[in-house]
Every structure is written in structure tokens, then in C-alpha cells.
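[1] Below: sequence and its predicted model.
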Amino acid sequence: MIEAHELTKRYGEKVAVDHISFTIAPGSVTGFLGPNGAGKSTTMRMVVGLDRPTAGSVSVNGKPYAQHRSPLNEVGVLLDAKAVHSGRSARLHLRTMAATHGISTRRVDEVIEMTGLAGVARKRVGGFSLGMGQRLGIAAAMLGDPRTLILDEPVNGLDPEGVQWVRHLVRDLATEGRTVFLSSHLMSEMAQTADQLLVIGRGRIITAGPVQEVIDSVTGATVRVRSPRATALAELLRGDDVTITAAEPGGFELHGLTAQRIGETAAAHGIVLHELSPRSASLEEAYMSLTQGAVEYHSEPIHPQEGDLR
């Protein structure tokens, strides 16, 4: 479990993390979302003692990280996969880490196999691709068989097979009752992996909760309706809390009523339905809506001048 209370970090006049409080419970995967510069990495660094809070506190499994006698057995961390001596082999890197905690060579071999590194374990890390470096970082995080995993962008650089492997790994770890806290900019992947979300912007928590609740709180459910009497049905369904948008001739999208209610209304008035499809917004749509006022670095579209395209 990770518990933060009024956690704050300032760098001079810059407030990177602004009095945030949260609990990351065991037995589930919690996704940590936010724009670049929102304070995600700073928060994770404070959790594991790499940055000291300006104010507030944070504990892992009941203690500040620095107070754990065997931190690798409590918390597995992947914050920077490149933070490895490039001249060492993957196996030597893991054996060196293991030696600091009395972890057996057998466990080193287990995490090498687990992460698909067996074929390159004796090669120098400096020659690793980005994806292989990520696998080594995950192996290091799993070395102490920890109760809590903190992973910053764990699928960065991985191929589709690797992304799927990480997804199954963290889901399995959560099922075992462990705490899994991970960040990613891949919304589609987070939607498939996370149970809970913690969304941060400009150093403050924007929202938190189960994935679907976060999505619905922003967008709600939309129902797509097609009928030869679409206009008549739309008139019957109109109300103060109902929004109807014409999608195509003979059809519309409605926000504010359930598909069940729409179907019952149509049946009561003898109106034939050709389609009645509930549609939830995507996590990406909800995320963009939630963070639109918290994006610190904006990109602008490129508008080519006449004659630039060939």
C-alpha cells in the first residue's frame, strides 16, 4: 500500500506537486495519468525517497521507503531503465543488486527467464535496445519479489508482444494481492490494464477512482438510435437533462437516458427500432477532457504554406 498525505514538492518558485493526498491499495492496478510536467515522476520519486518532500509525507507498506531494512523485498521500482552501468551484462547488473539484499542467484535466473532476457543475459547492457532495457528494468523491480511495484512508463519501447506481457504481468501481480502503481501515456493500454486511476495536472489531483467511473463522470454514456420514425421518437425523449444530436438521416445520438428507457419509450408508442447501441466514451476522450486546462506544454498543428507540398 502507498499512502500520501498533503505531499508537496517545490523547486524554488515552481510547485511541482501541490498538497496531494491519495491511497494506492493492494490487490489492484492503479494507473497514474497526467500531462508532461504534471508532477507524476516527481511524485513517484518522493514515494521511493529519491526526492525529499517540501511538506507532507508518503509511506509504502506502512513506512517511509528509507526506513525499510530490505527495500527491494518491499518495493520494486522502475523509474529510469537507463540508470544501469552500460559496461555490465544484464546478469551481472542483477547479481550486483541481489548481493546487496542477500537475494539468491536462483532468483536472478528466475527474473531473467520471466522477463525474456535469457538470450541476452550475458551481453553488455550498453548494446541493449530500448525495449530490452525496459525488460531489464522490470527484472530489477521484480528481483526482491516485492509487495509493491512502482513502474514509470513500463511499456515504453516494447513491441506488441512485450506490451501484452507487461499487461498480464501487472494484472497477475495485483491478483496475488500486491500493490501496483504505474504510469503510461498509452490510454488504450491503460484502459485495458488499470482498475483504478489517479489523474494529476499542474501538481494537483484532478480526479481519482475506478476507470469506468472516471470516464462516466466526465462524458456519461451515449446511446446511438436508428429508426424509421427517428424524428418522432426524438421528440418523445426530449427533456431538460437530455441532449440529442442528429448523427444521420433516420438516426441520432442521445445523452442523458439509458438504452433501456429509450427502448421502453419506443415500445410504448409502437416505434420500430433498427439500432439501440449504448456507447461509452474512451479513456482517451475522458483524459483529454479532464486535463485540457492542465496541459503545460501545448503543441500546434503544422500548416504548410502554399507550394510547400510536393
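    All right, it came through fine.
[2] Parallel or antiparallel, which strands does the helix or strand containing residue 181 pair with?
    If you go by DSSP states H and E, residue 181 is part of strand 179-183. If you go by DSSP bridges, strand 179-183 pairs up with strand 28-33 (parallel), strand 148-152 (parallel).
[3] That one: how far from the chain's middle?
    Taking C-alpha atoms, centre = their mean, to the nearest Å, the mean C-alpha location of strand 179-183 is offset from the chain mean by 8 Å.
[4] how about the helix or strand just after that strand: buried residues?
    Using DSSP H and E, the helix or strand that follows strand 179-183 towards the C-terminus is helix 187-193. Residues of helix 187-193 classed as buried by neighbour count (16 or more other C-beta atoms under 10 Å): 187, 189, 190, 191, 193. Placement of C-beta: from N, CA and C, glycine included.
[5] For this protein, just list every one of the strands.
    2-11, 14-24, 28-33, 55-60, 75-78, 148-152, 179-183, 196-201, 204-210, 221-226, 243-248, 251-255, 275-280 (DSSP state E).
[6] now the third one, how far from the chain's geometric center?
    Taking C-alpha atoms, centre = their mean, the mean C-alpha location of strand 28-33 is offset from the chain mean by 5 Å.
[7] Tell me which residues are up against it.
    24, 40, 43-44, 170-171, 174, 179-184, 187, 190, 193-200, 211, 287, 291 (C-beta atoms under 8 Å, 6 or more residues apart in numbering).
[8] Can you tell me which of these are buried?
    24, 40, 43-44, 170-171, 174, 179-184, 187, 190, 193-200, 211, 287, 291.
[9] re the thing from before, can I get the buried residues of helix 187-193 in CSV including distance to residue 101 and pLDDT?
    Converted to CSV, these look like this (distance: C-beta to C-beta, whole Å; pLDDT from 0 to 100):
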residue, distance to residue 101, pLDDT
187, 36, 89
189, 31, 87
190, 31, 90
191, 35, 90
193, 28, 92
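[10] just curious, which of the residues you listed is nearest to residue 105?
    residue 193 (31.5 Å; C-beta to C-beta).
[11] thought that closest one was touching residue 172?
    No. If you go by C-beta atoms under 8 Å, residue 193 and residue 172 don't touch, sitting 11.4 Å apart.
[12] Show me the beta-bridge partners of residue 10.
    residue 15.
[13] Okay, it and residue 18: tell me how far apart.
    9 Å (C-beta to C-beta, to the nearest Å).
[14] Just want to know which of the two has more residues nearby.
    residue 18 (18 against 14; other C-beta atoms under 10 Å).
[15] what's the neighbour count on residue 272?
    Neighbours of residue 272 (other C-beta under 10 Å): 11.
[16] now do the one 10 residues further on
    As a burial measure, the neighbour count of residue 282 was computed by other C-beta under 10 Å and equals 14.
[17] Per-residue pLDDT of the closest residue in space to residue 289 that isn't next to it in sequence, please?
    Distance criterion C-beta to C-beta, 6 or more residues apart in numbering; nearest residue to residue 289, sequence neighbours excluded, is residue 218 at 4.9 Å. Residue 218 is assigned 77 on the pLDDT scale.
[18] How much space separates residue 200 from residue 164?
    27 Å.
[19] Now do the same contact list for the spatially closest residue to residue 163 that is not a sequence neighbour.
    Closest residue to residue 163 apart from its sequence neighbours, by C-beta to C-beta, 6+ apart: residue 155 at 4.7 Å. With contacts defined as C-beta under 8 Å, 6+ apart, the neighbours of residue 155 are 134, 162, 163, 166, 184, 186, 189.
[20] Repeat that for residue 158.
    By C-beta under 8 Å, 6+ apart, the neighbours of residue 158 are 131, 134, 135, 165, 166.
[21] give me phi/psi at it?
    phi -80, psi 150 (degrees, to the nearest 10).
[22] pLDDT score assigned to it?
    86.
[23] again with residue 306
    pLDDT, read off for residue 306, is 52.
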